[in-house]
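1. just need the structure, nothing else, for what follows:
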Amino acid sequence: PRFAVAMTEITAAHRTASAVAPSGARLGDRLRLLRVAAGLTQTELAGDRFSKEYVSQIERGKTRPTQETIEWLAQRLGVDPGFLASGVSADERGRIETALARAEALSANHEYADSLEEFQKIRPAVLGIASPELEVRVLAGEAWALMRTGEVKAAIELLNRARSLTEDAMFSDVDRAEVLFRLGTCRYQLSSIQTAVGLFNEALTLAERAGLPSDRLRADILHWRSRCYRRQRDFEAAQEDLERALELSEALDDARAIARIYFQASLVAERQGHWVLARKYAEQAKAQYEELTDRATVGRLLNNLGGINFLLGKPEEAIEQLNESFKVLLEHGSEADAARAVSSLAQIHLRTGQVEPAEEQARQALSLLGDRVDVIDEIGNAQLV
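-> A predicted model of the protein is given here:
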């Protein structure tokens, strides 16, 4: 057939395009170089499927072809569709996606420092292949790890870049909702609660109208928005969001999400003065996280249970749980979480008249917290003690 390219010519075309149009070049530039290297005119490449003008528009960057069109053009040119689309072969893209998945898994396992290191290693490779969808993944993942390690403002910068990228038509409303959700969590960490609620509202609207599977994302948005409502003391709205999130999570059979909702339900009940109910929810959450072998969250729940038991008139049990929480969080959690546990101990010792250990523990909490902008409330509590 006239347009069949011999294997040596395919290899030469691929090499020519790689050399002249590096991976950071536009798709249109690669298409033109591959077409010329294959000895085809725009009319010949278009065949009976497209017009010469359409091929010209792609090459000049005036339009972006669909994935189906990219695959058809790549077949005509005898090259890998991934190379035509992003300037990188399927094998190389696969290696990058594997590295991204590893970084995301570390983050899911609360190993945020290691996750951050992996994302920062991957980012130059992702930027080098000019793949917007992979760039959004690495920006969002790195931002989440930064937020979890206290670098919230740096996380917002990355997420704003991701947000601008997702305005492109190649992204779905679910993609946009994911980025807005992460921005909302950062604003929550900075105590910009009203801004966070606005971002969560926008994210939820996008996810619901997308017509794509997004139950897990919607549950996450509702869970975090409930935290905002709790901070605003709108406990009815917080409870309503948790009930909706629980329904979605149970339908997904997502044990971790269900445990997280029980944890938040405990905090809402505690703020309302329903301490027995708060303890019940916290114990349910703790049992779930123990099954998931999530020691860091078990440590945070022990801190919560210690505070509840103190309110229920059980200071000895509370101190025991808080000591255990501090020990677990130093080993498996973050310094900020460990600081919260020792700060809780300080408050209980102060309230029971044990001034010297209270001061010592409060100073220990301040040392662990440093000058993190996302834990100002806890720094304030320790300074008060």
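2. how far does stretch 34-44 sit from the chain's center?
-> 43 Å (Cα atoms, centre = their mean, to the nearest Å).
3. same check on stretch 129-139?
-> With Cα atoms, centre = their mean, you get 14 Å for stretch 129-139.
4. for the record, mean pLDDT for that stretch?
-> The pLDDT scores in stretch 129-139 average 87.
5. need the contact partners of the strand or helix carrying residue 361.
-> If you go by DSSP states H and E, residue 361 is part of helix 355-369. With Cβ atoms under 8 Å, 6 or more residues apart in numbering as the test, helix 355-369 has contacts from 335-336, 338-340, 342-343, 345-347, 349-350, 375, 378-379, 382-383, 385. Backbone N, C-alpha and C define where each C-beta goes, glycine included.
6. now residue 302: how far from residue 222?
-> Using Cβ to Cβ, to the nearest Å, we find residue 302 at a distance of 26 Å from residue 222.
7. list the residues that contact residue 176.
-> Counting by Cβ under 8 Å, 6+ apart, residue 176 touches 163, 166, 167, 203, 206.
8. from the contact counts, what lies against the helix or strand the last one falls within?
-> Following DSSP H and E, the helix or strand that holds residue 206 is helix 193-209. Other helices and strands packing on helix 193-209, by 3 or more Cβ pairs under 8 Å, 6 or more residues apart in numbering; DSSP states H and E, are helix 173-189, helix 215-231.
9. tell me which residues in it are buried?
-> For helix 193-209, the neighbour count (16 or more other Cβ atoms under 10 Å) marks 193, 195, 196, 197, 199, 200, 202, 203, 204, 206, 207 as buried.
10. so the second one touches residue 187, yeah?
-> Spelled out, it's residue 195. Yes: between residue 195 and residue 187 there is a contact under Cβ atoms under 8 Å: 4.6 Å.
11. pLDDT below threshold where in this structure?
-> 1-25, 130 (pLDDT under 70).
12. reformat the helices and strands packed on helix 193-209 as TSV; add distance to residue 90.
-> Shown next, in TSV, are the helices and strands packed on helix 193-209 (distance: least, Cβ to Cβ, whole Å):
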stretch	distance to residue 90
helix 173-189	22
helix 215-231	28
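13. measure stretch 31-45 end to end?
-> Stretch 31-45 has an end-to-end distance of 10 Å (criterion: Cα to Cα, to the nearest Å).
14. quick check: helices, which of the contacts of helix 355-369 are part of them?
-> Judged by DSSP state H, helices contain the following of the contacts of helix 355-369: 335-336, 338-340, 342-343, 345-347, 349-350, 378-379, 382-383.
15. so which of the residues you listed is the closest to residue 311?
-> Distance to residue 311 across those (Cβ to Cβ) is lowest for residue 347, with 11.5 Å.
16. what's the burial count for that closest one?
-> 20 (other Cβ atoms under 10 Å).
17. quick one: it from residue 338, how far?
-> From residue 347 over to residue 338 (counting by Cβ to Cβ), the distance is 15 Å.
18. now do residue 294
-> 16 Å.
19. when the two are compared, which one has more neighbours?
-> A count of neighbours by other Cβ under 10 Å puts residue 338 above the other of residue 294 and residue 338, at 25 against 19.
20. residue 326 is in contact with that one, correct?
-> Yes: Residue 338 lies in contact with residue 326 (Cβ under 8 Å); the separation is 5.8 Å.
21. now the strands for the protein?
-> Assigned by DSSP state E, the strands in the chain number zero.
22. show the contacting residues for the closest residue to residue 161 other than its chain neighbours.
-> Closest residue to residue 161 apart from its sequence neighbours, by Cβ to Cβ, 6 or more residues apart in numbering: residue 139 at 5.7 Å. When contacts are counted by Cβ under 8 Å, 6+ apart, residue 139 touches 123, 158, 159, 161, 162, 165.
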